[in-house]
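Q: test case, fold it:
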Amino acid sequence: MTAQRWFTPTIVHGAALVLGFVAIMVIGRDQWFFGDDWAILAPRLDDDVMLPHVGHWNLVPALVFPLLRDWFGLGSYLPFLALAVIVHLVVVHLLWRVLLRVGVAPWLATVLGVLVMLFGGGAENILWAFQFGFMGAIAAGLGVALLFDRDRLTRFTIPAIVLLALVAPMFSGTAIPVLAAAAITGWVRHGFWRAAVLMVPTAVAYLSWYLLVARDYAVPSAGITDVTDLLTAVVYAGAMYGGGLGRALPFIGLGVLPALAVIVWFVRTVRAGIDGRRTLAYAMVLGSIVFVLLTTWSRLSFGISAAAAQRYAYVTVVLLLPALGLMLTGLLVRSRAWRVATLAVVGALALFNAGLLVVEAGLQSAREAGSRERVLDSLEHVLDAPDDATLLDSPADPTWAPDLLGSDLLELESRGDAPRR
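A: Prediction:
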């Protein structure tokens, strides 16, 4: 086989996923258990799998993480990190398929896939094991969207859609905007009632969970109560778009430009007539609006600075990338010079994000190292005084491991699963 036949967008994409897994695992080798990791690893919480976590239904992570803990112990973070990296790469692959499906040029789709794979502006997701649920929800939602975006629904696609849509919100509430995009795609491609019927099991399951379990654990201070909140919400929503896209650029303020470009592109193309091949791209833009509205409603009280958080930037980029990819494809066809310049700029952004991912990994590991020492010190104190009620009931690290109590560390030690120096 000639080199030309080997060097194709599909083969390069596959090789990039394999090399990307190795690269991210090496970059993240110094990460450690942190923050919300302990909310599903503390042994006393093993039976609370149905309870919401900051408003999210984290059933799948709450079941999977204790299994990993019991199999591998907590001596190394790598098995837990690998889980997050794998699901991140699934998101990258499915997004690459979306880009091709809507008509983005194959080589451009492949380079954009590398950019998202090494998205340093979303390092919080990629290098934090707990975000397995956050990204798993997106992956399942993208799977539903791709299955809906077919000419026919078959005996295979129908149960696959129902199953993936049912499981998606059990990873995280991040599934909701992606499933909204999927449902819009199904509506356009197969009619309202057929799409609605296939989404009914998901709606019933999620609403049942909310009414029976989550309603009593509402996120504090969610909602908009006055005009001031409304004005702040508008700014917050704008910051999510501009800041989210800006996370992929050398200066975060530049994110306003692609955000405005997406708005102009969406309005102009829809007014000119909906192109059926681009249905997924339109639907994902609308899904981004759902994401921004839901996040603004539930997280406004966290402050404007949280609007461009890395975990939100990750979702914003994923949902808007098909539209951006189509705009960039329009530049590729202008001339050879435009083609070279566009691919060079996107490639440079991918390299920039790879470097940023390394920097962010260092910053995160430095923060986690302090928490690790406090947790291990707490373990030593509990082992020295296993009957001290104060130690047993105290958080191992009140700031970054508030869910991990001394009693949890004692239980982990008795199982042989406790973290080590």
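
Q: and the longest strand for this protein?
A: Across the chain, the strand with the greatest residue count (assigned by DSSP state E) is strand 401-405.

Q: sheet-wise, list the partners of that strand with their directions.
A: Strand 401-405 pairs in its sheet with strand 395-397 (antiparallel), by DSSP bridges.

Q: which residues are contacting the partner strand?
A: For strand 395-397, contacts defined as Cβ atoms under 8 Å, 6 or more residues apart in numbering pick out 371, 374-375, 378-379, 401-406, 408-409. Backbone N, C-alpha and C define where each C-beta goes, glycine included.

Q: and stretch 339-359, by the same measure?
A: 23-24, 27, 107-108, 111-112, 114-115, 118-121, 123, 126-127, 248-250, 328, 331-333.

Q: residues contacting stretch 10-29, please?
A: Against stretch 10-29 from outside (Cβ under 8 Å, 6+ apart): 78, 81-82, 85-86, 88-89, 92-93, 96, 106, 109-110, 113-114, 117-118, 126-127, 354, 357-358, 361.

Q: ok, the residue nearest to Asp393 when sequence neighbours are not counted - contacts?
A: The shortest distance from Asp393 to any non-neighbouring residue, by Cβ to Cβ, 6 or more residues apart in numbering, is to Leu405 (6.2 Å). Going by Cβ under 8 Å, 6+ apart, Leu405 touches Ala42, Arg44, Leu392, Asp393, Ser394, Pro395, Ala396.

Q: cool, and Leu83?
A: Val64, Leu68, Ala129, Phe132.

Q: from Asp37, how far out is it?
A: Using Cβ to Cβ, to the nearest Å, Leu83 is found at 11 Å from Asp37.

Q: what do these two both touch?
A: Joint contacts of Leu83 and Asp37 (Cβ under 8 Å, 6+ apart) are Ala129.

Q: after the worst-scoring helix or strand of the chain on mean pLDDT comes which helix or strand?
A: Least confident helix or strand of the chain, by mean pLDDT, DSSP states H and E, is helix 3-6 with a mean of 66. Downstream of helix 3-6, the next assigned helix or strand under DSSP states H and E is helix 9-27.

Q: list the contacts for the residue most central in space within the chain?
A: Residue closest to the average C-alpha location in the chain (Cα atoms, centre = their mean): Met135, at 3.4 Å. Applying Cβ under 8 Å, 6+ apart, we find Met135 in contact with Ala84, Val87, His88, Val90, Val91, Asn125, Thr174, Tyr314.
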